[in-house]
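*Asks:* Give the three-dimensional model of this entry:
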Amino acid sequence: MKSRHVTQYRHPGLWQGSWNHAASLTRLEDGIDTLTRLAPELAQLSQKERWLVLVNPPAFGWKRILQEAGVAMDRILLVRCQDEVEGQWAVEQALCGRTCSAVLAWLPTLAARDWRRLEMASRRAECSGYLFQPRGLTVAPALVSNWIH
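*Replies:* Coordinates of the predicted model:
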């Protein structure tokens with residue numbers, strides 16, 4: 001019997017395994033209509049035994065919208081952060097934690113560098129990420145193509 005001894009390097013700064021092209025980070029326009037259009041997909045994802053993570057959701061009726069779409073409310077993990085840095089950290093941890101089916105975040109301001117960091121984290125993720133931001137926000141031209149209306 002032939003065997004090969006393969007050394008695998010494990011380091012938190014190195015990518016482990018292959019790139020996950022199924023997971024993505026999508027920038028969405030903040031608003032009730034956008035969440036309403038996304039809600040049926042979230043309802044399907046909530047049937048899995050994984051979390052739907054909501055980071056800093058707004059005060060508008062997100063709970064009612066998700067309930068009406070049939071989202072399993074016991075699969076929602078609500079995260080409230082004190083500032084943008086904590087919010088970005090929470091999104092990154094949720095994306096890379098392998099316990100979520102989707103991450104929804106409301107981060108009003110995000111520098112191009114921070115967007116890229118979250119986008120890189122989403123490539124390691126096994127879930128999709130949705131970033132809700134105000135439409136009037138000034139963003140780098142390279143990031144405008146990531147908007148979904």
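*Asks:* contacting residues around the most centrally placed residue in the chain?
*Replies:* Nearest residue to the geometric centre of the chain (C-alpha atoms, centre = their mean): Gly129, 2.2 Å. Listed by C-beta atoms under 8 Å, 6 or more residues apart in numbering, the contact partners of Gly129 are 23-26, 91, 94-95, 102-105, 118, 122. C-beta here means a position set from N, CA and C on the backbone, and glycine is covered the same way.
*Asks:* again, only using 6 Å
*Replies:* Under the criterion of C-beta atoms under 6 Å, 6 or more residues apart in numbering, the neighbours of Gly129 are 25, 95, 103, 122.
*Asks:* Which residue lies closest in space to the last one, excluding its sequence neighbours?
*Replies:* For Ser122, the nearest residue in space outside its immediate sequence neighbours is Leu25; the separation is 3.9 Å by C-beta to C-beta, 6 or more residues apart in numbering.
*Asks:* Also Pro134?
*Replies:* Nearest residue to Pro134 in three dimensions, chain neighbours excluded: Asp30, at 5.3 Å (C-beta to C-beta, 6+ apart).
*Asks:* picking up where we left off before, how near is the residue nearest to the centre of the chain to Ala105?
*Replies:* From Gly129 over to Ala105 the distance is 7 Å, taken as C-beta to C-beta, to the nearest Å.
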